[in-house]
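K.L.:
below is the structure, and that's it, no one-letter string:
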């Protein structure tokens, strides 16, 4: 019985890993975009600053949009977001629904990008102003300061919260079953019908081994970045 | 012709007018020391010269050319006339000492990699840290970090090198090594502006001393005048306070 159970669970775990990898692939850069949005100081109505509509003059639409979006995504369950993204387009606008895996990746990537954006923002804002000013007086452009001076320091500072979030993602992939992704827990649950409980414990072993590997990887990366302090 | 001419610089933050119209000029090779109490506008003036702050009004001329700062690119170019050494060094922690010095010249394409490295090594030797080229900033003392910061600023050949309280963050026994480097730069003919609380240093190194209070230049003149025979009562009180120990 062990071998067929293993094969079945591996099939489910393959789907889980697909969700995991694709989510990271899209959410890590998307998070940076949202992060820049939520730090944006762009004031298109600045010319109203002196006058009765001063509050409009101070309005930073990109920041407002990004932070509202993050509030909504972080404030509602991922499961709800999965259901709405999969069924919503069809039921609300009569559009053909996306393939299940596509809908899953869209929901997961958006959800995790919002969490990542806040981690990035915390990291970027923790870099002392003096680092930017040193770059400025050395004639660097904004882009050069970000990529050559600030970025690696941010990466070092956000390693711990990022690894937290990424390990949470491993386990969150099981939520995808709600829109019909045959992930590993669903695969393990199949065997309950046959009166077997141990395959479910077995799924736990898959998670433990995978997150254990990630823990080692993050430990290695943190060590790689320990050559400097700051 | 003056290398630096500053006309009626004004800068406020909200209701707080920090610079209320500051004008002065500086000749090539001169060292200007700016002294005064905290909040008098010394650092803000230095930050305006380095375009870290945009003055609300006023003009800055370098070598007979007015520095306009309409675009980001213009501001970036303007900054290259000046160098700035910070109170807190602000070295880049992830780069070695040598990389800290070569980074900006490399990004600005000021020569081949070998030339830039060669020049950086020469500057490091000049500040007495040749053997620390491959160290990381956290492995250095504050005084050593500040000397690296000076070498880093010099690597871009600024016309005017500015220091914002370069020894204020240092342990007392480490200030000497930094001040000696600055004195050496004067002997090499560098034009410098030093905001400092080190009165002895200002007296012995500066060609001109400026006493700033409440956003204006209260008095400016040769060190013998400012320290020996100040014209203004305010200056006199400040100098007396600074020299009174215990």
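P.N.:
Structure's in. What do you need? Small disclaimer: the values here were computed from a predicted structure and weren't measured.
K.L.:
count the neighbours of residue A:174 for me.
P.N.:
Residues within reach of residue A:174, counting by other CB atoms under 10 Å in any protein chain shown, total 19. Just so you know, the C-beta spots here come from the backbone N, C-alpha and C atoms, and that holds for glycine as well.
K.L.:
quick one: contacts for it?
P.N.:
By CB atoms under 8 Å, 6 or more residues apart in numbering or on different chains, the residues touching residue A:174 are A:16, A:183-186.
K.L.:
that one - that's part of a helix, no?
P.N.:
Yes - using DSSP: H, G, I helix; E, B strand; the rest coil, the assignment for residue A:174 is a helix.
K.L.:
how much space separates it from chain B?
P.N.:
According to CB to the nearest CB, to the nearest Å, residue A:174 stands 38 Å off from chain B.
K.L.:
and if you look at residue A:59?
P.N.:
20 Å.
K.L.:
got a list of what the closest residue to that residue other than its chain neighbours touches?
P.N.:
Of all residues not flanking residue A:59 in the chain, residue A:45 sits nearest, at 5.8 Å (CB to CB, 6 or more residues apart in numbering or on different chains). By CB under 8 Å, 6+ apart, the contact set of residue A:45 is A:53, A:56-57, A:59.
K.L.:
adding neighbour count, write these out as a markdown table.
P.N.:
Formatted as a markdown table, the contacts of residue A:45 follow (neighbours: other CB atoms under 10 Å in any protein chain shown):
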| residue | neighbour count |
| --- | --- |
| A:53 | 13 |
| A:56 | 15 |
| A:57 | 15 |
| A:59 | 16 |
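K.L.:
and which of these is nearest to chain B?
P.N.:
residue A:57 (15.5 Å; CB to the nearest CB).
K.L.:
if we can go back for a sec, mind checking which of the contacts of residue A:45 are in helices?
P.N.:
A:56-57 (DSSP state H).
K.L.:
tell me the SS of the closest residue in space to residue A:137 that isn't next to it in sequence?
P.N.:
Spatial nearest neighbour of residue A:137, chain neighbours left out: residue B:84 (4.3 Å); criterion: CB to CB, 6+ apart. Here residue B:84 is recorded as strand under three-state DSSP.
K.L.:
residue B:84 pairs with what?
P.N.:
Taking DSSP bridges as the rule, residue B:84 bridges to residue B:162.
K.L.:
that one and residue A:65: what is the separation?
P.N.:
When distance is defined by CB to CB, to the nearest Å, residue B:84 is 36 Å away from residue A:65.
K.L.:
which one's more surrounded, those two?
P.N.:
Each of residue B:84 and residue A:65 has its neighbours counted (other CB under 10 Å); residue B:84 has more, 26 against 14.
K.L.:
which ones are touching that one?
P.N.:
By CB under 8 Å, 6+ apart, the neighbours of residue B:84 are A:133, A:137, B:46, B:50, B:52, B:153, B:161-164.
K.L.:
re the thing from before, want to throw the contacts of residue A:45 into TSV with pLDDT?
P.N.:
Below are the contacts of residue A:45 laid out as TSV (pLDDT from 0 to 100):
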residue	pLDDT
A:53	82
A:56	83
A:57	83
A:59	88
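K.L.:
which other residues reach stretch B:117-129?
P.N.:
Counting by CB under 8 Å, 6+ apart, B:97-98, B:101-102, B:105, B:111, B:130, B:132-133, B:144, B:147-148, B:150-151, B:154-155, B:177, B:181, B:184 sit against stretch B:117-129.
K.L.:
distance between that stretch and the chain's centre?
P.N.:
Mean-position distance between stretch B:117-129 and its chain equals 20 Å (CA atoms, centre = their mean, to the nearest Å).
K.L.:
give the rounded mean pLDDT of that stretch.
P.N.:
Averaged over stretch B:117-129, pLDDT sits at 94.
K.L.:
for that stretch, buried residues please.
P.N.:
Neighbour-count burial for stretch B:117-129, with 16 or more other CB atoms under 10 Å in any protein chain shown as criterion, is recorded at B:117, B:119-121, B:123-124, B:126-127, B:129.
K.L.:
number of nearby residues for the residue of chain B found nearest chain A?
P.N.:
When scored by CB to the nearest CB, chain B has residue B:93 as its residue closest to chain A, at 2.9 Å. Neighbour count for residue B:93, taken as other CB under 10 Å: 18.
K.L.:
and residue B:224, by the same measure?
P.N.:
10.
K.L.:
give me the neighbour count for residue 43.
P.N.:
In the absence of a named chain, this looks at chain A. Residue A:43, neighbours per other CB under 10 Å, totals 17.
K.L.:
to clarify, I was referring to chain B.
P.N.:
The number of residues near residue B:43, taken as other CB under 10 Å, comes to 19.
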